[in-house]
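> Show me the folded form of this:
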Amino acid sequence: MAGAKKNFKATRKFEQKHLTGILDKRKASAKTKQQQQVKAKKQARKAGDAEFFKGPDDPERAAKAKSSKTANVNAMSVDDFFGGGFEIVDKAPRADKSSKKLGKRKRDEQQPSQAEDDDDRGDSSDDLEISDAEQPVGSDSEEEDDTQLDNDDLGMSKDAMDALAKDDPEFYQFMKENDPDALDFDDADLAEVDDLSASEGEEAEEDTPKKKRKKSTKSDILAHDNELTQEMVSRWGASITEHHSLKAARQVVLAFRAAAHLNEDDDDKERKQAYTISSPEVFHDILIVALKQVPDVLQHHLPVKESAAGKVYIPTESKKFKPLSMLLRSFTSSILHMLPTLSDDATLKLTLSALTPLVPYLLTFRKLLKTLIKTVVGFWSQPASSDTTRITAFLVLRRLVVIGDKGIREAVLKATYQGLIAGSRVTNVNTVQGINLMKNSAAELWGLDQSIGYTTAYNFIRQLAIHLRNSIVHNQNESYKHVYNWQYIHSLDFWSYVLSDHCNSVRETEAGKESQLRLLIYPLVQVTLGAMRLIPTSTYFPLRFHMIRSLLRISRSTGTYIPLASVLLEVLNSAEMRKSPKQSTIKALDFHVAYKAPKSYLRTRVYQDGVGEQVVDLFAEYFVLWSTNIAFPEFALPVIIMLKRWLKQSRKKVAGNNNGKLRSGLVLLVQKLEANAKFIEGRRAKVDFAPRDRSKVDAFLKEFPWEKTPIGAYVVAQRKAGSEKARMMEEARKEDERKRKEEEQEALEENLAETESEDDDEEMNDFDGEMEDEESSAEEDD
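Prediction:
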């Protein structure tokens, strides 16, 4: 008993003092073990992906990657020194002791980790906030790839290998049989490209052996000539086409940079350009060769592989990656520098399209990528840009969203939305088509990654709601202008494009699930309804019509019921529409490019007719959405009653409205609504199911075409008449524009002719004066 009692006390003592700590240690060790297992699974999956991109591992290449090579400190740049790790390297070998510097080098026991990435591997920028885990797949181990790339850059010179052949011929023969690439020094192209970042316009003759200098061709001699000629450009283009020459590509990039900085003064340049261009034909040729063939050279030497999921793989472990990345950055910077100076649509299209194949290589260059996004979005959103330029710029942005990671996608979406808002500040008949093209194209980007699209769309819609709330709460004189402007209207309209494109039943059926963006329908509808009722006066009836069309687009595509009848009835019951208008001869207001009616239009016959047409069209578009619904008679009955009451009130001689055009349009609308209600009642009388059977209620006339219903046929005719009217107005506008340009040209020619005649008169007067002076001088001599 004593022993048992002693053991019991020891157990309690152990539980009080040690049990909790031991259990925590066990949990921690189990958690660590679980994390290690998850990490091992991720590494195995990553290795499988890399094997899919790169093929099976090569033992010879792995052995080569692990082998160390001596490095010359004096011949290394600062980036190469820090990029190669902190290893013990020898000083520059002398000519008579080069053979004694061979052999293994001593290394430190432990190399400190590199704190910062090499600039040549990518510029780290917090602006895009791109995580390392979302980088393009490069290799199984990023550290091994970096070591391999750096060791490749620190290779031996040709003199050292010649000394090795004399001192140790057996080892030299072994290297020649097993790794001939290590002894191949005939390809001087990589050295030429590698010198691009250090000297933009100087030839690397000091690093070239004497035998190479003797073999220099005419192209090398011409390279020293500062004047660029068509023969040089054609020779480079042929070399790139036939042999994918990196040396020729380097010269083309240098010449292209000179072309990009052509209109700048020497004082404004950071350094003197390698070539000068004085001929427009040469300028055109170098642009064509650079923009069309340099991307092909990059694709040949660094082929890009893309998986079905959109991930891209670039062979960053290749020894060509680092020097070609310098060439790529120089080429891309030149393109971005030259783009603002271009105005021709064909040249802009060619230049922007050259950026598309470069996008996979630019994913690691953060600062350059940020500049590219800003520049491309600027051309996409410029009011002066043509449709061709906008589409080409959009393809570059779409490529970035498809292959980029989450940070890049979010940056592109934000920049695109900001560009859309900036480009829609001015809306008129000349810019409205371009704005609609921007909204249609940008809406596609939000569906490529709906998780990122949802967060960005939610934040932007929330900003619109905050602006609306501030305008309501802070009811000052100018507060409503934060809402009642073109940018706010186009923002709401753009989000209606996004939701109608990606929340319709067809796309959701193809995807097999409901769209994540569908959750944004309710907040967007509430913000739009609140904005249109902020100032319910007749001055802003055009703005209300714009927002109603946006909501109709959402309702039509998503099948969501949005109550809009009351909003349209408010327009009819306003003081502007209940009283007879006054006659006016002013031009009709174009409701498509106006959100506010000028004061001169209020209470006029022209404005009332335009508002009446808009109300009738919008009522018809609203009811045609539910023209085949089984509840259409009950749905349309309140509106029919309100319209008949308004027509009855308008017939009064004292307080009525004698606008016959408005009344005839509403009477026809009421007739079509009643006819459609009777049509549905006739079909509904033949059904054999109760209202509680939801599946059969939803399937009622589901396959029946809405165009064959009474209200549907009326809408089809209205749309056809509206499109014809819009076509005629567009033709009249173009004709007026053509006449205006002709008048301006005639006036310019007249002014030019008058100026020339004045100059001729002045010259004749000067000539007569000179003759008189000569005659007077001759008389004095006599």
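
> rest of the way, CA atoms for contacts and neighbours
Will do.

> right, and the secondary structure at Lys686 would be what?
Of the three states, Lys686 takes coil according to DSSP: H, G, I helix; E, B strand; the rest coil.

> Okay, it and Ile630: tell me how far apart.
12 Å (C-alpha to C-alpha, to the nearest Å).

> One more: Val233?
73 Å.

> Lys17 too?
Relative to Ile630, Lys17 is positioned 76 Å away (C-alpha to C-alpha).

> out of those two, which sits in the busier spot?
Neighbours were counted for Lys17 and for Ile630 using other C-alpha atoms under 10 Å; Ile630 has more, 21 against 10.

> what about stretch 392-403, average pLDDT?
Per-region confidence: stretch 392-403 scores 95 on mean pLDDT.

> ok, and the closest non-adjacent residue to the residue nearest the centre of the chain?
For the chain, Leu397 is the residue whose C-alpha lies nearest the centre (C-alpha atoms, centre = their mean; 2.5 Å). Among residues not flanking Leu397 along the chain, Val412 sits closest, at 6.9 Å (C-alpha to C-alpha, 6 or more residues apart in numbering).

> thinking the one you found is in contact with Val396, fair?
No. Val412 is beyond contact range of Val396, at 10.4 Å (criterion: C-alpha atoms under 8 Å).

> Provide a list of residue ranges in the stretch 201-350 of the chain with pLDDT below threshold.
For the stretch 201-350 of the chain, the stretches with pLDDT under 70 are 201-225, 265-271.

> So which residues of it form strands?
Secondary structure of the stretch 201-350 of the chain (DSSP state E, counting those that start in this stretch): strands at 305-306, 312-313.

> Please name whichever of these is nearest to Ala620.
For Ala620, the closest of the strands of the stretch 201-350 of the chain is strand 305-306, at 48.9 Å, according to C-alpha to C-alpha.

> Take the strands of the stretch 201-350 of the chain and write them to CSV, including distance to Ala260 and mean neighbour count.
Putting those into CSV (distance: least, C-alpha to C-alpha, whole Å; neighbours: other C-alpha atoms under 10 Å) gives the following:
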stretch, distance to Ala260, mean neighbour count
strand 305-306, 31, 16
strand 312-313, 30, 22
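
> In CSV: the ones you listed, plus distance to Glu731.
CSV is the format used below for the strands of the stretch 201-350 of the chain (distance: least, C-alpha to C-alpha, whole Å):
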stretch, distance to Glu731
strand 305-306, 47
strand 312-313, 48
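
> of all those, which lies closest to Ser330?
strand 312-313 (21.8 Å).

> quick one on the thing from earlier: for the helix or strand harbouring the residue nearest to Leu397, packing partners?
Assigned by DSSP states H and E, Val412 belongs to helix 406-423. Applying 3 or more C-alpha pairs under 8 Å, 6 or more residues apart in numbering; DSSP states H and E, one finds that helix 406-423 contacts helix 366-381, helix 387-403, helix 432-445, helix 450-473, helix 486-502.

> got any ranges where this protein has weak pLDDT?
Scanning the chain for pLDDT under 70 picks out the ranges 1-7, 48-164, 170-172, 174-225, 265-271, 759-782.

> Need the contact partners of the host helix or strand of Thr528.
Using DSSP H and E, Thr528 sits within helix 521-532. Helix 521-532 is contacted by residues 461, 464-465, 468, 483, 492, 495, 499, 543-544, 547, 551, 554, 562 when judged by C-alpha atoms under 8 Å, 6 or more residues apart in numbering.

> could I get those residues as TSV with neighbour count and distance to Leu524?
Supplementary listing: these in TSV, determined by neighbours: other C-alpha atoms under 10 Å; distance: C-alpha to C-alpha, whole Å:
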residue	neighbour count	distance to Leu524
Ile461	18	7
Leu464	20	9
Ala465	20	9
Leu468	23	12
Val483	20	14
Leu492	22	8
Trp495	22	8
Leu499	27	10
Leu543	23	16
Arg544	26	15
Met547	21	11
Leu551	27	9
Ile554	26	10
Ile562	17	11
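
> Which one of these is nearest to Ile373?
Ile373 lies nearest to Trp495 out of the contacts of helix 521-532, by C-alpha to C-alpha, at 21.6 Å.

> Report the contact partners of the closest one.
So Trp495 contacts 443, 457, 524 (C-alpha under 8 Å, 6+ apart).

> cool, and Val289?
Residues near Val289 by C-alpha under 8 Å, 6+ apart: 233, 237, 252.

> Mind doing that once more with 10 Å?
Val289 sits next to 233-234, 236-238, 240-241, 249, 252-253, 256 when contact means C-alpha atoms under 10 Å, 6 or more residues apart in numbering.

> ok, it to Pro340 distance?
20 Å.

> Against Ala255, how distant is Gln230?
12 Å.

> Please say which of these two ends up with more neighbours.
A direct count of neighbours by other C-alpha under 10 Å for Gln230 and Ala255 places Ala255 higher, at 25 against 15.

> ok, the more buried one touching Leu228?
Yes. Between Ala255 and Leu228 a contact is recorded at 7.6 Å, counting by C-alpha atoms under 10 Å.

> Common neighbours of these two, please.
Shared contacts of Ala255 and Leu228, defined by C-alpha under 10 Å, 6+ apart, comprise 274-277, 283, 286.

> starting at the chain centroid, how far to the helix holding Thr528?
27 Å (C-alpha atoms, centre = their mean, to the nearest Å).

> Tell me the buried residues in that helix?
For helix 521-532, a neighbour-count test (16 or more other C-alpha atoms under 10 Å) marks 521, 524-525, 527-529, 531-532 as buried.

> Likewise for stretch 303-319?
304-306, 311-317, 319.

> For that stretch, C-alpha coordinates in PDB please.
Extracted C-alpha coordinates of stretch 303-319, given in PDB (Å, rounded to 0.1, in the frame of the first residue of the first chain):
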ATOM      1  CA  PRO A 303      10.900  29.100 -75.800                       C
ATOM      2  CA  VAL A 304       7.800  29.800 -73.700                       C
ATOM      3  CA  LYS A 305       5.600  26.900 -72.700                       C
ATOM      4  CA  GLU A 306       2.100  27.400 -71.400                       C
ATOM      5  CA  SER A 307      -0.100  24.900 -69.600                       C
ATOM      6  CA  ALA A 308      -3.900  24.500 -70.000                       C
ATOM      7  CA  ALA A 309      -4.400  26.300 -66.700                       C
ATOM      8  CA  GLY A 310      -2.600  29.400 -68.100                       C
ATOM      9  CA  LYS A 311       0.700  29.000 -66.200                       C
ATOM     10  CA  VAL A 312       3.800  29.800 -68.300                       C
ATOM     11  CA  TYR A 313       7.200  28.300 -68.000                       C
ATOM     12  CA  ILE A 314      10.400  30.200 -69.100                       C
ATOM     13  CA  PRO A 315      13.700  28.300 -69.000                       C
ATOM     14  CA  THR A 316      15.400  30.600 -66.500                       C
ATOM     15  CA  GLU A 317      18.100  28.000 -65.800                       C
ATOM     16  CA  SER A 318      19.400  28.500 -69.300                       C
ATOM     17  CA  LYS A 319      22.700  30.400 -69.600                       C
END
